[in-house]
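Asker: Following is a predicted model, sequence given first.
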Amino acid sequence: MKKFGCNDHQTFENAKDLGLVVKKSTIQGAGDGLFNGGCRPIPAGTIICKYEGKQVSKKTLDEQKKNNGESSYAWEICDKSGKNVVGAIDPGTSPDRETNPLAFANCGTKCDNTTIMAFQFGPNIYYRVIHAIPVGAEILVYYGDEFASQLNIDVKARNFYRQEENWKTDAYDCQTCSLGFSTKADLDKHSKVCQNIPCSEKCGFKFTTTTKMEEHVRRVHSEEAKKFNCDQCEKSYGLKRNLSQHKKRTHDNTTVECPDCKKMINSATLAYHKRVVHGDKTYKCTLCGKDFAQTLDLKRHTNTVHFAIKNFKCSRCNKAFGLKSHLINHTRNIHEGIKYPCDECEFKASTSGNLCSHIKTVHRKVYSFPCEYCPSAFGSGPSLKRHMGSIHPDELSSELEKFNEDNPHICPICDKRFSTKKERDIHRSRLHRDVGI
């Protein structure tokens with residue numbers, strides 16, 4: 001039996017009007033799931049009404065539990081104190097996906113992909129959006145520790161966000177399009193021109209009106225518009241500059257060293273790399289605090305890292321990918337057998353990025369992760385960490401002690417450490433909204 005969350009309430013929205021749809025869940029073995037099938041993100045704070053089902057008395061509920069006949073879709077209802085269970089809202093063992101889509105919201109397996117929480121208002125159950133839900137994302141709700149454990153979800157691991165966070169400053173959320181910004185000034189500037197109608201072809205562009213969006217699709221994405229053909233592959237584009245970019249990024253394997261970070265970069269993408277990696281970062285992820293220079297990079301990060309949205313499907317094997325570039329690499333490597341040969345040896349890479357890494361580490365002897373205690377150097381962080389654990393265990397232990405001293409503020413939910421109380425509190429308010437602030 002699932003437990004409800006807080007008793008907050010705001011503006012109510014209908015599931016149908018929001019474009020919620022039921023389809024196969026992204027969670028293995030979970031069956032169907034609930035998704036944002038609308039044309040725009042669902043902002044945090046939205047109330048989705050209401051959870052449909054039969055009012056079940058406490059007596060009936062106890063009998064069901066005793067006989068192991070309780071429904072996995074039911075939410076418990078409490079008295080005004082919020083402490084004593086008095087019944088439940090039960091849609092039954094086979095809820096209808098058309099009339100009661102909210103019943104198909106599965107339990108969130110990570111703190112950063114859980115986007116709604118259940119709360120009781122009067123005798124009813126509603127869902128409140130706690131994190132903006134991107135288009136195409138599965139909508140997940142936390143069932144509570146007890147029920148999550150019954151689903152074999154490791155509660156401690158579920159509450160711990162393993163990747164790096166940056167909460168030196170909080171994010172500023174746009175209430176219209178749900179983008180996050182690094183400063184209040186950046187948000188104010190954006191709010192004056194906020195565009196919230198995305199391209200239906202998911203190219204990243206947004207428009208102020210549907211008419212402008214449809215005109216963009218006609219000019220750029222329609223088959224009639226794709227008149228610029230690549231003479232080295234089957235790709236075609238609606239704009240000549242897009243064809244030029246494609247040929248440089250895909251068919252030109254020339255690599256150069258970035259003057260700022262010394263990484264080997266495809267010559268055609270060096271300017272882009274310098275802008276997004278070393279330039280000013282206006283946008284900020286509202287879930288982990290990571291900063292970005294471009295809207296498209298922030299959305300790509302949110303969709304792939306936090307929500308595992310896979311909009312790009314292979315037409316030959318139905319495998320899906322979060323990035324179009326990954327689909328292209330998959331098609332070339334798996335279905336077309338295209339490789340990227342090294343000019344200095346017989347090695348053939350599956351992607352241009354892998355070729356750059358090969359040249360950098362094998363032929364240039366450039367390693368991004370040197371050991372501070374010996375001459376060894378490594379091509380990845382995990383490799384360096386394994387080296388430290390096996391060769392320098394005492395030094396690694398000392399580093400851990402120093403880290404704990406420098407980060408004394410511990411999150412009571414996940415035990416993650418932060419250097420300041422402010423960072424810890426922002427982390428908790430952003431990633432643990434479903435378990436209380």
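Answerer: Cool, got the structure.

Asker: Would you map out the domains in the protein?
Answerer: Following automatic domain parsing, one finds the domains of the chain at 12-159, 407-437.

Asker: what would those domains look like in JSON lines with mean pLDDT and distance to Q232?
Answerer: Backbone N, C-alpha and C define where each C-beta goes, glycine included. Formatted as JSON lines, the domains of the chain follow (pLDDT from 0 to 100; distance: least, CB to CB, whole Å):
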{"stretch": "domain 12-159", "mean pLDDT": "91", "distance to Q232": "32"}
{"stretch": "domain 407-437", "mean pLDDT": "92", "distance to Q232": "45"}
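
Asker: Could you export these as TSV, including mean neighbour count?
Answerer: TSV is the format used below for the domains of the chain (neighbours: other CB atoms under 10 Å):
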stretch	mean neighbour count
domain 12-159	18
domain 407-437	17
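
Asker: And these: which comes nearest E165?
Answerer: Among those, the nearest to E165 by CB to CB is domain 407-437 (6.0 Å).

Asker: Nearest residue to the residue nearest to the spatial centre of the chain in space, ignoring adjacent ones along the chain?
Answerer: For the chain, the residue nearest the mean C-alpha position is H306 (2.1 Å; CA atoms, centre = their mean). Nearest non-adjacent residue to H306, counting by CB to CB, 6 or more residues apart in numbering: D112, 4.8 Å away.

Asker: where does the one you found land in three-state SS?
Answerer: What DSSP: H, G, I helix; E, B strand; the rest coil gives for D112 is coil.

Asker: Can you give me the distance of it to P259?
Answerer: D112 sits 35 Å away from P259, taking CB to CB, to the nearest Å as the criterion.

Asker: ok, now P370?
Answerer: 20 Å.

Asker: Who has more neighbours out of the two?
Answerer: Counted by other CB atoms under 10 Å, P370 and P259 do not tie: P370 has more neighbours, with 12 against 9.

Asker: Next, the more buried one: phi, psi?
Answerer: Dihedral pair for P370: phi -80, psi 150, per degrees, to the nearest 10.

Asker: contacting residues around it?
Answerer: With contacts defined as CB atoms under 8 Å, 6 or more residues apart in numbering, P370 is in contact with 376-378.

Asker: That one bridge partners, please.
Answerer: Taking DSSP bridges as the rule, P370 bridges to A377.

Asker: how much space is there between it and G389?
Answerer: 16 Å.

Asker: Tell me which residues of stretch 296-305 come out buried.
Answerer: 297-303, 305 (16 or more other CB atoms under 10 Å).

Asker: typed the wrong thing, it's stretch 282-299
Answerer: 282-295, 297-299.

Asker: out of those residues, which are inside helices?
Answerer: 295, 297-299 (DSSP state H).

Asker: which one of those sits closest to Y340?
Answerer: Among these, and counting by CB to CB, the member closest to Y340 is D297, at 24.1 Å.

Asker: Around the closest residue in space to that closest one that isn't next to it in sequence, how many other residues sit close by?
Answerer: Closest residue to D297 apart from its sequence neighbours, by CB to CB, 6+ apart: V276 at 5.7 Å. By other CB under 10 Å, the residues close to V276 number 15.

Asker: quick one: V276 and T282, what's the gap?
Answerer: In terms of CB to CB, V276 sits 11 Å off from T282.

Asker: any common contacting residues for those two?
Answerer: By CB under 8 Å, 6+ apart, the residues touching both V276 and T282 are 292-293.

Asker: and the contacts of P370 as CSV, adding pLDDT?
Answerer: Shown next, in CSV, are the contacts of P370 (pLDDT from 0 to 100):
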residue, pLDDT
S376, 92
A377, 90
F378, 89
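
Asker: now, which of those residues sits nearest F160?
Answerer: Among those, and counting by CB to CB, the member closest to F160 is F378, at 25.4 Å.

Asker: That closest one and V366 touch, don't they?
Answerer: No: judged on CB atoms under 8 Å, F378 makes no contact with V366 at a distance of 11.5 Å.

Asker: how close does T250 get to L243?
Answerer: 10 Å.

Asker: where do the contact lists of the two overlap?
Answerer: The contact lists of T250 and L243 share K235, where a contact means CB under 8 Å, 6+ apart.

Asker: For the nearest residue to G31 once chain neighbours are set aside, give me its contacts.
Answerer: Counting by CB to CB, 6+ apart, G31 lies nearest to S25, which is 6.1 Å off, once chain neighbours are set aside. Contact analysis of S25 by CB under 8 Å, 6+ apart lists 31-33, 106, 138.

Asker: switch the cut-off to 6 Å
Answerer: S25 makes contact with 32-33, 106, according to CB atoms under 6 Å, 6 or more residues apart in numbering.

Asker: ok, these vs C345, which is closest?
Answerer: Closest to C345, out of all of the contacts of S25 and judged by CB to CB, is G33, at 46.7 Å.

Asker: V366 versus V305, what's the distance?
Answerer: From V305 to V366 the distance is 27 Å (CB to CB).

Asker: no no, P375
Answerer: P375 is 15 Å from V366, by CB to CB.

Asker: neighbour count winner among the two?
Answerer: V366 (15 against 6).

Asker: Please verify my assumption that the more buried one contacts H358.
Answerer: No: contact between V366 and H358 fails when scored by CB atoms under 6 Å: they sit 11.5 Å apart.
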